[in-house]
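K.L.:
Sequence first, then the predicted structure:
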Amino acid sequence: MKGLCSIIYLLLLSSCGLRVEGLGVNWGTIAIHRLDPKIVVQMLKDNEIKKVKLFDADQTSMDALSGSDIEVMVGIPNDQIIAMNNYNRAKEWVQRNVTRYTVNGGVNIKYVAVGNEPFLKAYNDSFLHTTFPALQNIQNALNEAGVGDSIKATVPLNADVYGSPTSDPVPSAGRFRSDILGEMTQIVQFLAQNKAPFTVNIYPFLSLYGNDAFPIDYAFFDGGNTPVIDNNIQYQNVFDANFDTLVSSLRAAGYGDMTIIVGEVGWPTDGDKNANKNFAYRFYKGFLPKLASNKGTPLRPGYIEVYIFGLIDEDAKSVDPGNFERHWGIFRYDGQPKYPMDFSGRNKNKFLVPAKNVQYLPRQWCLFNPNAGNLSKLVDNINYACSMADCTTLGYGSSCNGLDANGNASYAFNAYFQAQNQANLSCNFEGLAMVSTQNMSQGDCSFLIQMGIDSSSACLGSSLVTLLLFVVLVFMLL
């Protein structure tokens, strides 16, 4: 009978349009050449992605989202948190970035993210005393504007704000960090008062990064590892264990039933030995069916609202955390999917719908000139190129790590050449480089051709041309 029920369940899944309920994506825009926001929004629609999380309130992104009915979490960057401690500034921000977009047919704003991981240990308490006042002011400004019932302020926090003691390293022992317990208690109480969610970023990849002792299978969802036992509960993966450590922390604070949103979760595809397409594919192949099943976690069964990090690679992000920071996207910089991915959770071997109408620069590359005479300044020129462009794929364990010395130089020179829109003088490097139509890509190591000028710049350019023609015409008529 049990086997028959299982068969019926599988048939029901295959016969209906099942998708991962509530799945969203993080849309970051820290790129040398930004993909046209209108193209991005169409890509979201084509892939039936109905929720998006932003890290700012960029007008071009908001305008592109207008009328799409895609649910939006708009963001306040960390460098604006202190300004939001002034209530008048908070009201101005809400008016400028929220309520003016929420007219009929506008942007479907659901949340405002106040900062991004402001209590991260690496920030050395820079935002410790300003985050909660900013949260208060933004939510109160939303309430005063009459949208507080439908739009909630939250603070996306890194998973390092809680943990279990080394003496009892299990989820049920989870507590908020003692050094920020006061601030966390204030935030949780305020979120509860306003019926707002707790937002957390959970990264199984970071459990592996720099920690060769971590059991690699525990970062995924396909078993093969020794489970963590906690009060007769078996934790088969680090995501569930981390999430339930937060649940226990909220219980200890008196808010065990608080809604939790996973603001960021994903797997990078380059920039580290564990950051590659195969591992990313493996991660999502286990994670998406888990979400589609609405199984939840042992301490919080049921639906989990999740935002994948991220949508598109960002080749200008800071690499202070690691070179992988520029490679979190499920799409490449140009909106092309990297590996098969099925949002239905049924693991169909298919790719997501790519971005359409993407314009590229001419098919030419800047390569090392094998006839160059003086090589004494080669290293200096490579370093300069990489300081102005993205060379993270050349690092240890990365996709282009196997290139020879000439290949490394060519990759660096081409990265700079593309970043500079293939300008005439950007492929010289004191006679060490030359423009070529030869594509040096090999295996997973891609010598990229950058996108052309994005639509916002293109619109500006055409406006200037129109203005110039108008001025010339007026002059001729005088």
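P.N.:
Nice, thanks for sending it over. Residues are numbered from 1 along each chain as shown.

K.L.:
quick one, strands of the stretch 351-478 of the chain?
P.N.:
Ranges of strands in the stretch 351-478 of the chain, per DSSP state E, counting those that start in this stretch, are 365-368, 433-436.

K.L.:
Adding distance to Val306, mean neighbour count and mean pLDDT, write the ones you listed out as a markdown table.
P.N.:
(Each C-beta comes from the backbone N, C-alpha and C, glycine too.) Putting the strands of the stretch 351-478 of the chain into a markdown table (distance: least, C-beta to C-beta, whole Å; neighbours: other C-beta atoms under 10 Å; pLDDT from 0 to 100) gives the following:
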| stretch | distance to Val306 | mean neighbour count | mean pLDDT |
| --- | --- | --- | --- |
| strand 365-368 | 39 | 25 | 98 |
| strand 433-436 | 44 | 19 | 97 |
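
K.L.:
Wait, Ile312 touches Tyr333, no?
P.N.:
Yes: if you go by C-beta atoms under 8 Å, Ile312 and Tyr333 touch, sitting 6.4 Å apart.

K.L.:
Mind pulling up the pLDDT for Cys16?
P.N.:
The model reports Cys16 with a pLDDT of 45.

K.L.:
sorry, that was for Asn137
P.N.:
Asn137 is given a pLDDT of 98.

K.L.:
Spatially nearest residue to it, not counting backbone neighbours?
P.N.:
In space, and not counting its chain neighbours, Asn137 is closest to Ala90: 3.7 Å by C-beta to C-beta, 6 or more residues apart in numbering.

K.L.:
distance of that neighbour from Ile82?
P.N.:
Going from Ala90 to Ile82 by C-beta to C-beta, to the nearest Å gives 11 Å.

K.L.:
shared neighbours of these two, anything?
P.N.:
Shared contacts of Ala90 and Ile82, defined by C-beta atoms under 8 Å, 6 or more residues apart in numbering, comprise Ala134.

K.L.:
between the two, which one's more packed in?
P.N.:
Each of Ala90 and Ile82 has its neighbours counted (other C-beta atoms under 10 Å); Ala90 has more, 26 against 16.

K.L.:
Now that one: which helix or strand?
P.N.:
In this structure, Ala90 sits in helix 87-97 according to DSSP states H and E.

K.L.:
from the chain's centre, how far out does that helix sit?
P.N.:
26 Å (C-alpha atoms, centre = their mean, to the nearest Å).

K.L.:
after it comes which helix or strand?
P.N.:
Using DSSP H and E, the first helix or strand after helix 87-97 is strand 108-114.

K.L.:
What strands line up against that next one, and which way round?
P.N.:
Applying DSSP bridges to the sheet, strand 108-114 is found paired with strand 71-76 (parallel), strand 152-154 (parallel).

K.L.:
hmm, back to that, residues shared between the contacts of Ile312 and Tyr333?
P.N.:
Ala31, Leu35.

K.L.:
out of the two, which sits in the busier spot?
P.N.:
Neighbours were counted for Ile312 and for Tyr333 using other C-beta under 10 Å; Ile312 has more, 25 against 22.

K.L.:
Can you pull up the most central residue in this structure?
P.N.:
Per C-alpha atoms, centre = their mean, the C-alpha nearest to the average position across the chain is that of Gly310, at 2.9 Å.

K.L.:
Please tell me how far that one sits from Asn26.
P.N.:
For Gly310 relative to Asn26 (C-beta to C-beta), the value is 4 Å.

K.L.:
what sits in contact with each of those two?
P.N.:
Common neighbours of Gly310 and Asn26 (criterion: C-beta under 8 Å, 6+ apart): Glu264.

K.L.:
send the alpha carbons of the helix holding Ala90 over as CSV?
P.N.:
Coordinates of the C-alpha atoms in helix 87-97 are reproduced here as CSV (Å, rounded to 0.1, in the frame of the first residue of the first chain):
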residue,chain,number,x,y,z
TYR,A,87,13.6,59.9,10.9
ASN,A,88,13.1,62.6,8.3
ARG,A,89,15.7,61.0,6.1
ALA,A,90,14.0,57.7,6.5
LYS,A,91,10.7,59.2,5.5
GLU,A,92,12.3,60.8,2.5
TRP,A,93,13.9,57.5,1.5
VAL,A,94,10.5,55.7,1.8
GLN,A,95,8.8,58.4,-0.3
ARG,A,96,11.5,58.3,-3.0
ASN,A,97,12.1,54.6,-3.2
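
K.L.:
Counting by contacts, list what it packs against.
P.N.:
helix 131-144 (3 or more C-beta pairs under 8 Å, 6 or more residues apart in numbering; DSSP states H and E).

K.L.:
what does the helix it packs on contact?
P.N.:
With contact meaning C-beta under 8 Å, 6+ apart, helix 131-144 is reached by 76, 81-82, 84-87, 89-91, 93-94, 98, 112, 114-115, 118-119, 148, 151-155, 183, 186-187, 190, 194, 196.

K.L.:
Quick check: which ranges of this structure have low pLDDT?
P.N.:
In the predicted model of the chain, residues 1-19, 453-478 satisfy pLDDT under 70.

K.L.:
For it, just list every one of the helices.
P.N.:
Per DSSP state H, the chain has helices spanning 2-15, 37-46, 59-65, 87-97, 131-144, 181-193, 204-208, 238-252, 277-292, 378-388, 405-419, 455-477. These are given in chain order.

K.L.:
Relative to Val358, which of the ones you listed is closest?
P.N.:
helix 37-46 (6.5 Å; C-beta to C-beta).

K.L.:
Run a quick neighbour tally on Gly106.
P.N.:
So Gly106, with other C-beta under 10 Å, has 16 neighbours.

K.L.:
what do you get for Thr437?
P.N.:
8.

K.L.:
Not counting its neighbours along the chain, what's nearest it?
P.N.:
Spatial nearest neighbour of Thr437, chain neighbours left out: Gln364 (5.6 Å); criterion: C-beta to C-beta, 6+ apart.

K.L.:
where's that neighbour relative to Ser399, distance?
P.N.:
According to C-beta to C-beta, Gln364 and Ser399 sit 22 Å apart.

K.L.:
So for the two, which sits in the more crowded spot?
P.N.:
Neighbours were counted for Gln364 and for Ser399 using other C-beta under 10 Å; Ser399 has more, 22 against 17.

K.L.:
The more buried one touches Asn276, doesn't it?
P.N.:
Yes: counting by C-beta under 8 Å, Ser399 does reach Asn276; the two are 7.4 Å apart.

K.L.:
any shared contact partners between those two?
P.N.:
Asp270, Asp444.

K.L.:
just how off-centre is stretch 172-181 within its chain?
P.N.:
The answer for stretch 172-181 is 26 Å, by C-alpha atoms, centre = their mean.
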